[in-house]
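1. here is my input, please return the structure:
(one chain, ligands or ions: 1)
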Amino acid sequence: MIYSVVKKNLINGRMMVCPRCKKDHDILQYIRLEMIEEYAHETTPVYKCCSCKWLFSPSGEMPQEIYEKFYRMLEEIANKS
Ligand SMILES: [Zn+2]
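-> Next up is the predicted model:
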């Protein structure tokens with residue numbers, strides 16, 4: 001018997017599926033753990049699911065426009081505090 005597994009891609013446009021709870025969320029809804037700027041280019045961002053709090057690190061590259069949007073949002077948050 002052959003089982004076919006239908007697996008969604010982790011990132012689809014600006015949506016990212018949580019590997020644990022399998023829920024789709026806008027990438028900006030995930031909590032991105034703080035990165036150390038000095039090593040930002042040599043480390044991988046870790047995301048926390050807003051539904052089940054699972055921590056994971058996507059191995060693929062995040063689309064540049066999403067990444068920039070996310071980065072700008074983090075800067076705005078940092079500037080407010
Ligand atoms: Zn989840």
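
2. which secondary element of this structure has the worst mean pLDDT?
-> helix 64-80 (a mean of 74; mean pLDDT, DSSP states H and E).

3. ok, and the closest non-adjacent residue to residue 44?
-> Nearest non-adjacent residue to residue 44, counting by Cβ to Cβ, 6 or more residues apart in numbering: residue 57, 4.7 Å away. Using the backbone N, CA and C atoms, a C-beta is placed for each residue, glycine as well.

4. identify the residues contacting the least confident helix or strand of the chain?
-> Residues outside helix 64-80 that contact it (Cβ atoms under 8 Å, 6 or more residues apart in numbering): 14, 27, 28, 32, 62.

5. how far off centre is it?
-> 13 Å (Cα atoms, centre = their mean, to the nearest Å).

6. re the thing from before, which one of the contacts of helix 64-80 sits in the busiest neighbourhood?
-> Among the contacts of helix 64-80, residue 27 has the most neighbours (other Cβ atoms under 10 Å), with 20 neighbours.
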